[in-house]
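# Below is the sequence, then the predicted model.
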Amino acid sequence: MSQMISIRRSAPLAAMAIVAWLSFDAVAAAPARPSSSERSERPARAAQTAPATGALLAQESFALQEFQFSRPIVRVGQDFSLGENETVREIQSGLADITIAGTVEDDVVVIVGSLHLTNTAKVGGSILVIGGTLTVDAGASVTRDMLVIGGNLDAPADFNAGGGQVVVGTAGTAHMLRGLVPWVTRGLLFGRPIVPDLWWMWPTLAVFLFVYLMVNALFSRHVGTVADTVAARPLSSFLLGLLVLVLMVPAIAILAATVVGILVVPFVLCGVVLAALVGKAGVMRATGRSVITEDEDSGRLRTFGSVLLGFAVLTIAYMIPVLGFITWAITGAIGFGGAATAFRGALRREHPARVRAPIAVEPAAAMEAPRPIVPEPAYAAPAVAFAADASVTADSASGATIPPPPVSVPGDLAVYPRATFLDRVAAFAIDAILVGIAVNLLDLERHAGPFPLLLLAYHIAFWAWRGTTLGGIIVGLRVVRVQGGDLRFADALVRGLTAVFSLAAVGIGCFWMINDPEKQMWHDKIAGTLVVKVPRHLVLP
């Protein structure tokens, strides 16, 4: 207690000491009032220190110039002007107009905007203007190239840049792109595809409405199928649409990388556009069905009303910030998923599943009335049961047991159920592991070739020899011709070579069997083969 009292008494004294110490420092640091003699000597000292002060200011100005030179300029949706005595490293802008009167050490990039170089402008790099006009005054200098895409170049006749000058497009393209600036700044940046106060937005919506109505008129049944799918399974349609969108880009890229695929790319793009239109029309029709009831006898006028009402609902949703972009993304994915489901249903209708005949089993020969079996003597060996489900008969003359005739096995293996995708993946994985072990143990990769080539040769050899592989034996798979017969060497060779193409197309040729009625991959269709799931005693021929 006495210690606490002493601390409380000493605390004010310590505070007073700290305040006094700070006051002393402030007084000591304060400059003393100059005397009359010192005031008279001050101009002379100022004249002597003037050169040093000028050098210091010049050094600070140089440091400031270096700081200005090191900073880049980035502008999005905001105009910018560079002064005559200013220096920057580079300028990058979008949806803005740029005016340069100073120095730019590196490149200048202007996207959907105009660039003006005054007579004092100096650009040490290149200039790129997309969707705008480049105006160059007499006296400006550009060290490297000038490229204008979708715009116009306005420069003196005697102006020459250090590099080349390329102008692609017209001034009309620049005006059209400039007209999209308000849609980007007030629409996309706010998360809404539709800006209602833009005059060109409503004619564009009218064109889209006309297109969707025509799609509904031409493909009414398919649009109805998409609407049914979207209404019944919205989550499945959304996930399937995402899968289609993810696989579409690499598939088109791989097709474009091949000589034959380049010819297919335009048709694929047309199919994608048509699927998007049919899918979105189906989403609109499903939305309108929640208000207008449709039946089979209502005719197409009622379906037009459903599409029109759904279009109006989605248009209103597209005008709301953030919600508009979310609605557009979800409905687009659901539309793609519904269109993919409708396409799969159309393929199944055109190529119905093959009716599999039941496995024929020859019945046992007709027997007469059962006769009593003569008991065997005590010293005789027990009779051998030939089959668990077959009866054993005795010959009346000799008394010996006679087994029933064997069950015949059909030669058409195509009647057996098709192998599933997981069965084939499991068999391939087992084969790849076995081949990999053999390559490492026997060092075959050094002498016989790389691993993919050895894996291909392994499959071709086993298909031609036994109609299956080691992995197929474990899983219970057989590769047969569509007629049900065994594979020939030519069939195995064609199937193996075309399997490379199925894998090279990002596996699309392999995933094709998921929606195929015969569960065939691309190389199965080309070679005319089937992969069937057979009992154990039929795995090997």
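Thanks, I have it.
# So, low pLDDT: which residues of the stretch 1-150 of the chain?
1-70 (pLDDT under 70).
# just the helices in it please.
2-29, 36-70 (DSSP state H, counting those that start in this stretch).
# then stretch 495-508 to PDB, C-alphas only?
Provided in PDB are the C-alpha atoms of stretch 495-508 (Å, rounded to 0.1, in the frame of the first residue of the first chain):
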ATOM      1  CA  ARG A 495      -9.000 -49.300 -85.000                       C
ATOM      2  CA  GLY A 496      -5.600 -48.600 -83.400                       C
ATOM      3  CA  LEU A 497      -4.600 -45.800 -85.800                       C
ATOM      4  CA  THR A 498      -7.900 -44.000 -85.600                       C
ATOM      5  CA  ALA A 499      -7.900 -44.300 -81.800                       C
ATOM      6  CA  VAL A 500      -5.000 -41.800 -81.900                       C
ATOM      7  CA  PHE A 501      -7.300 -39.300 -83.600                       C
ATOM      8  CA  SER A 502     -10.000 -39.900 -80.900                       C
ATOM      9  CA  LEU A 503      -7.500 -39.100 -78.100                       C
ATOM     10  CA  ALA A 504      -5.900 -36.200 -80.000                       C
ATOM     11  CA  ALA A 505      -9.200 -34.400 -80.200                       C
ATOM     12  CA  VAL A 506      -9.100 -33.700 -76.400                       C
ATOM     13  CA  GLY A 507     -10.700 -37.100 -75.900                       C
ATOM     14  CA  ILE A 508     -13.900 -36.000 -77.600                       C
END
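# Show me how far it is from its chain's centre.
Here the centre of stretch 495-508 is set off from its chain's centre by 21 Å, with Cα atoms, centre = their mean, to the nearest Å.
# For that stretch, buried residues please.
R495, G496, T498, A499, S502, A505, V506, I508 (16 or more other Cβ atoms under 10 Å). Glycine gets a C-beta too; all of them are placed from N, C-alpha and C.
# Grab the nearest non-local neighbour of G310.
What sits nearest to G310 in space, not counting adjacent residues and going by Cβ to Cβ, 6 or more residues apart in numbering, is M284, at 3.1 Å.
# List the contacts of the one you found.
Y212, S306, V307, G310, F311, L314 (Cβ atoms under 8 Å, 6 or more residues apart in numbering).
# go with 10 Å
209, 212-213, 216, 223, 226-227, 230, 306-315, 331, 335 (Cβ atoms under 10 Å, 6 or more residues apart in numbering).
# could you say which helix or strand contains it?
Secondary-structure assignment from DSSP states H and E places M284 in helix 259-289.
# before we move on, the earlier item: quick check on the contacts of M284: which are buried?
Buried among these (16+ other Cβ under 10 Å): 209, 212-213, 216, 223, 226-227, 230, 306-311, 313-315, 331, 335.
# if I pick the residue nearest to V322 when sequence neighbours are not counted, what's in contact with it?
Sequence neighbours aside, G191 is the residue nearest to V322 in space, at 4.0 Å (criterion: Cβ to Cβ, 6+ apart). Contact analysis of G191 by Cβ under 10 Å, 6+ apart lists I320, P321, V322, L323, G324, F325, I326, W328.
# redo that, cut-off 8 Å
Applying Cβ under 8 Å, 6+ apart, the residues contacting G191 are P321, V322, L323, G324, F325, I326.
# Most neighbours out of those, which is it?
G324 (23 neighbours; other Cβ atoms under 10 Å).
# quick one: it from V207, how far?
19 Å (Cβ to Cβ, to the nearest Å).
# worst-scoring helix or strand of the chain, pLDDT-wise?
helix 2-29 (a mean of 41; mean pLDDT, DSSP states H and E).
# Any regions of the protein where pLDDT drops low?
Looking at the chain by pLDDT under 70, you get 1-70, 170-174, 259-261, 295-301, 347-348, 350-412, 445-449.
# Name the residues of stretch 476-484 that are buried.
G476, L477, R478, V479, V480, R481.
# Next, the third one: phi, psi?
With angles defined as degrees, to the nearest 10, R478 sits at phi -130, psi 140.
# And for the first one?
Here the main-chain torsion angles of G476 (degrees, to the nearest 10) amount to phi 90, psi 50.
# Same question for the last one.
R481 has phi and psi values of phi -80, psi 160 when expressed as degrees, to the nearest 10.
# pretty sure it contacts V532?
No - using Cβ atoms under 8 Å, R481 is not in contact with V532, being 10.9 Å away.
# what is in contact with the two at once?
In contact with both R481 and V532: A414, using Cβ under 8 Å, 6+ apart.
# so of the contacts of M284, which ones are in strands?
In strands, judged by DSSP state E, none of these are found.
# Please narrow the residues you listed to those residing in helices.
Within the contacts of M284, residues falling in helices by DSSP state H are 209, 212-213, 216, 223, 226-227, 230, 306-315, 331, 335.
# Could you say which helix or strand holds T185?
Going by DSSP H and E, T185 is in helix 181-186.
# Please point out which parts of that helix sit buried.
For helix 181-186, using 16+ other Cβ under 10 Å, the buried residues are V181, W183, V184.
# ok, these vs K122, which is closest?
When the buried residues of helix 181-186 are compared for distance to K122 (Cβ to Cβ), V181 wins out at 28.4 Å.
# Test my guess that that closest one contacts I111.
No - checked against Cβ under 8 Å, the pair V181 and I111 is beyond contact range at 10.6 Å.
# what do these two both touch?
With Cβ under 8 Å, 6+ apart as the test, V181 and I111 both reach L95.
# Got phi/psi on Q165?
phi -130, psi 120.
# on that earlier part again, any idea which of the buried residues of helix 181-186 is closest to W463?
Distances from W463 to those, taken by Cβ to Cβ, are shortest for V184, at 57.3 Å.
# ok, the closest one - contacts?
L95, V112 are the contacts of V184 under Cβ under 8 Å, 6+ apart.
# list the contacts for D97?
Applying Cβ under 8 Å, 6+ apart, the residues contacting D97 are D79, G113, S114, L115, H116, G132.
# Pick out the most distant pair among the residues you listed.
D79 and G132 (12.1 Å).
# who's more crowded, those two?
G132 (28 against 13).
# Can you verify my assumption that that one contacts V108?
No - between G132 and V108 there is no contact under Cβ under 8 Å: 11.7 Å.
# any residues in contact with both of the two?
L115.
# quick one: the residue nearest to G77 when sequence neighbours are not counted from W183, how far?
Distances taken as Cβ to Cβ, 6+ apart place L95 nearest to G77, at 4.7 Å, with adjacent residues excluded. L95 sits 10 Å away from W183, taking Cβ to Cβ as the criterion.
# Next: G131.
Taken as Cβ to Cβ, the span from G131 to W183 is 13 Å.
# again with A461
62 Å.
# Next: P266.
In terms of Cβ to Cβ, P266 sits 29 Å off from W183.
# repeat for V215
On the measure of Cβ to Cβ, V215 and W183 end up 25 Å apart.
# T118 now?
Counting by Cβ to Cβ - T118 and W183 are separated by 31 Å.
# re earlier: just put the buried residues of helix 181-186 in CSV and tack on distance to V123.
As requested, the buried residues of helix 181-186 are exported to CSV (distance: Cβ to Cβ, whole Å):
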residue, distance to V123
V181, 24
W183, 31
V184, 27
